[in-house]
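> have a look at this fold, sequence not included:
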Ligand code: AHR
C-alpha cells in the first residue's frame, strides 16, 4: 500500500461497507497517532435512540415460552404465578423495554380465545410450524400480560390475519383494553381480570408473504386495511398499528405497502436474519473458523444496506418519517445444537454473536430517525438467545452481555460520529474493522460503544470529543481468548464483561486500545 494505509470510513455511522481510500496522513508506525480516529460531535444530536430498539421477541416455539418463561405455578422452579423468577430478574437487569408475542409464524395460526379461562378447559392445538408439537395453551393472554408486568416492559402483540378473522382480532383488542361493559370486557372479568390492560403495540399479521398466508403485497395491503379498521382505541388506550413488512432486500413489498396502506399504519415491520452458509447443517453456532466469523459479520452488517434501501422507499411516501421501521425479527440463525429437535431452533451463542449484536445495535442506533423498534429473535432457548435454561438452571449468553452493556443508549440522544478505521479483510474482501456508536444521556454522560471486528488485531483508537471537556473515562469490555468462547451450564461465566483498563483521557482526548474481537462501552463524563 504505497503512500499510506487503507481506511474504511463510517461517516456519521451511516455507511458500513465503507469506501476505501488512501489516507497518507496516518501511519501505523510506532509513536504516531493511532490509525483509528473517531470524531464525536457532542454538541450536536438531533434524534433520540428509542429504547424499544433494545426490544425482544418470544414465540411459542421450542422451549422459549414453555420452560423458558412458563413453568407453571406448581413447578419446583421458583416462579411468580407460573413465570420463572430467574429469567424475569435477568431481563429486568438489562431493562427489556418491549416484548413481541406470540409469533412469528405461530401468530397467524393462534386463536387467542383458546388461551384464556381455566387452564384445564383450554383446547390444545398442533404447533405446525415448530416441531408439530401439541400446544396446550396454558400460556395465553393473561399470562403474557402478567409476564410483561413482571418484566416492566411494553407488550407487543401480533394478531392473526393469515388464518383468523377480522372479528377475532377486533375482539382481542376489546378483551384487553375496554373498560366498560361489553361482551369481551365481561369475559375478561369472568376470567379474573377486572381492569383493562394498556396495550400500545399491535401487529396485524406476521410474514404474510410467507407463513402468514403466502400473500402478494397488494392483496395483503388490502387485507391490512380491512383488519386494521377494526383494531380500535378503547378507553383512552392508543394502539400503534404495525403492518407486516418485508424480509431482506424485498423493497417491492415495502413500496406497495407504503403506497397502498401507508396512511393506515404507524409502523411497518422488517425482518432480517444472518444465516451464514444458508439454512443448512453446516453453520454450527460454536464450531467455526475465521472464514465463518468474517462471513457472519459481513452478513450481519448487510442489514445497514437493507435499512437504507427500505428507508429510501419509506421516505418517498413518508418524508416526515411518521411511520416507524419496526425491525421485529433479527439475529443469527445457526444450526441447532446436536441432538436437539430441529424444529425447536435451540442454538448456542458465542463471542461471534456478541460482535454481530454490537455491530447491529450500532447500526440501529445510527438509523434511529426511522428505526423505532427492533426485537431480537428470540430471548430464551431459541435462535440468538439472551438466556438458556436447563430445568432449574439458567445461564446468560454473550449476546445478553452486549444488551447489558448497551442499555445506556436507551432513550439517549444519538451523537454524530465520524470514523476513520482500518478495514477488516479476508482474502480479497473487506468489511468495516471498527463499528462505533455514541450517545448522550439525560445527565449529559456520553457513552460510546465500539466493536473491534478483527479477531487477530488489536485496534488503537483516538477519540476527539468535539464540544465537550471530559474529566473522566471508564469502560467495560467483552472479549475472550477464542472466537467461539461461550457459557455453558457447567461453566456459566466463561465469558462476561470486565472493567476496561486500556483507556486514557489526555488533553480532552480519549485514547484506547481495543483488544481483538471485542465489544467495549465507554462512559465519558
Ligand atoms: O423466528 C423464527 C421465525 O422466523 C418466525 O416465526 C418467522 O416470523 C420467521 O420466519
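Here it is on my side, so go on. Computed from a predicted model, the values in this text were never measured in an experiment. Numbering: from 1, shown residues only.

> distance of residue 49 relative to the ligand?
Distance, residue 49 to the ligand, by C-beta to the nearest ligand atom, to the nearest Å: 24 Å. (C-beta placed from N, C-alpha, C; glycine too.)

> swap in residue 283?
15 Å.

> what's the helix or strand for the closest residue to that residue other than its chain neighbours?
Leaving aside its chain neighbours, residue 283 sits nearest to residue 277 (4.2 Å; criterion: C-beta to C-beta, 6 or more residues apart in numbering). Under the criterion DSSP states H and E, no helix or strand holds residue 277.

> how many neighbours does residue 277 have?
Per other C-beta atoms under 10 Å, the neighbour tally for residue 277 reads 16.

> from here on, count from 4
From this message on, residue numbering opens at 4, which makes the last subject residue 280.

> now it: how far from residue 197?
Applying C-beta to C-beta, to the nearest Å, the value for residue 280 to residue 197 is 52 Å.

> again with residue 422
54 Å.

> more neighbours, those two?
Taking other C-beta under 10 Å, residue 422 and residue 197 do not tie; residue 422 has more neighbours (27 against 8).

> quick one: residues contacting the residue of the stretch 4-153 of the chain found nearest the ligand.
Nearest to the ligand in the stretch 4-153 of the chain, going by C-beta to the nearest ligand atom, is residue 107, at a distance of 2.8 Å. Contacts for residue 107 (C-beta atoms under 8 Å, 6 or more residues apart in numbering) come out as 60, 62, 63, 64, 132, 161, 209, 332, 380, 381.

> go with 10 Å
Residues in contact with residue 107 (C-beta atoms under 10 Å, 6 or more residues apart in numbering) are 60-64, 67, 113, 132-133, 161, 209-210, 214-215, 331-332, 380-381, 385.

> filter those residues by proximity to the ligand?
Contacts with the ligand within the contacts of residue 107, as defined by C-beta under 6 Å from any ligand atom: 62, 209, 210, 332, 380, 381.

> residue 238 - that's part of a strand, no?
No - counting by DSSP: H, G, I helix; E, B strand; the rest coil, residue 238 falls outside a strand, being coil.

> helix or strand next in line after the longest helix along the chain, which one?
Ordering each helix of the chain by length in residues (DSSP state H) puts helix 293-320 first. Next along the chain after helix 293-320, taking DSSP H and E as the criterion, comes strand 327-335.

> direction included, what does the helix or strand hosting residue 466 pair up with?
Assigned by DSSP H and E, residue 466 belongs to strand 462-469. Strands adjacent to strand 462-469 in the sheet, as given by DSSP bridges, are strand 39-44 (parallel), strand 512-517 (antiparallel).

> show me what counts as buried in whichever helix or strand comes after it.
Following strand 462-469 in sequence order, the next helix or strand is strand 476-481 (DSSP H and E). By 16 or more other C-beta atoms under 10 Å, the buried positions in strand 476-481 come out as 476, 478, 479, 480, 481.

> would you enumerate the residues in contact with the first one?
Same thing as residue 476. With contacts defined as C-beta under 10 Å, 6+ apart, residue 476 is in contact with 449, 451, 466, 468, 503, 506-509, 513-515, 525-528.

> my guess is residue 117 meets residue 126, correct?
Yes - between residue 117 and residue 126 there is a contact under C-beta atoms under 10 Å: 5.0 Å.

> shared neighbours of the two, anything?
138, 139, 140.

> get me the contact residues on the protein for the ligand.
Contact residues, the chain versus the ligand (C-beta under 6 Å from any ligand atom): 62, 106, 107, 108, 209, 210, 332, 380, 381, 386.

> any idea which of the residues you listed has the most stuff around it?
When neighbours are counted by other C-beta under 10 Å, residue 209 leads the residues of the chain next to the ligand with 31 neighbours.

> helix/strand/coil for that one?
Taking three-state DSSP, the label given to residue 209 is coil.

> okay but it is in contact with residue 159, surely?
No - using C-beta under 10 Å, residue 209 makes no contact with residue 159, being 11.4 Å away.

> find residues that contact each of these two.
Joint contacts of residue 209 and residue 159 (C-beta under 10 Å, 6+ apart) are 103, 245, 331.

> might one say that the last one is in contact with residue 56?
No - counting by C-beta under 10 Å, residue 331 sits too far from residue 56 to count as a contact (11.2 Å).

> ok, these two, which is more surrounded?
residue 331 (29 against 23).

> dump the residue contacts of the closest residue to residue 349 other than its chain neighbours.
Nearest non-adjacent residue to residue 349, counting by C-beta to C-beta, 6+ apart: residue 343, 4.7 Å away. By C-beta under 10 Å, 6+ apart, residue 343 lies in contact with 65, 66, 349, 350, 384.

> farthest-separated two in those?
Spatially, the most separated pair among those is 66 and 350, at 11.9 Å (C-beta to C-beta).

> what's the neighbour count on residue 211?
Look at residue 211: counted by other C-beta under 10 Å, it has 25 neighbours.

> confidence score at it?
Among the per-residue scores, residue 211 holds a pLDDT of 98.

> quick one: it from residue 443, how far?
Per C-beta to C-beta, residue 211 is found 39 Å from residue 443.

> now do residue 50
Counting by C-beta to C-beta - residue 50 and residue 443 are separated by 12 Å.

> where do the helices sit along this structure?
So, for the chain - with DSSP H - the helices run 88-96, 144-154, 169-180, 186-193, 220-232, 254-264, 293-320, 354-369, 401-409.
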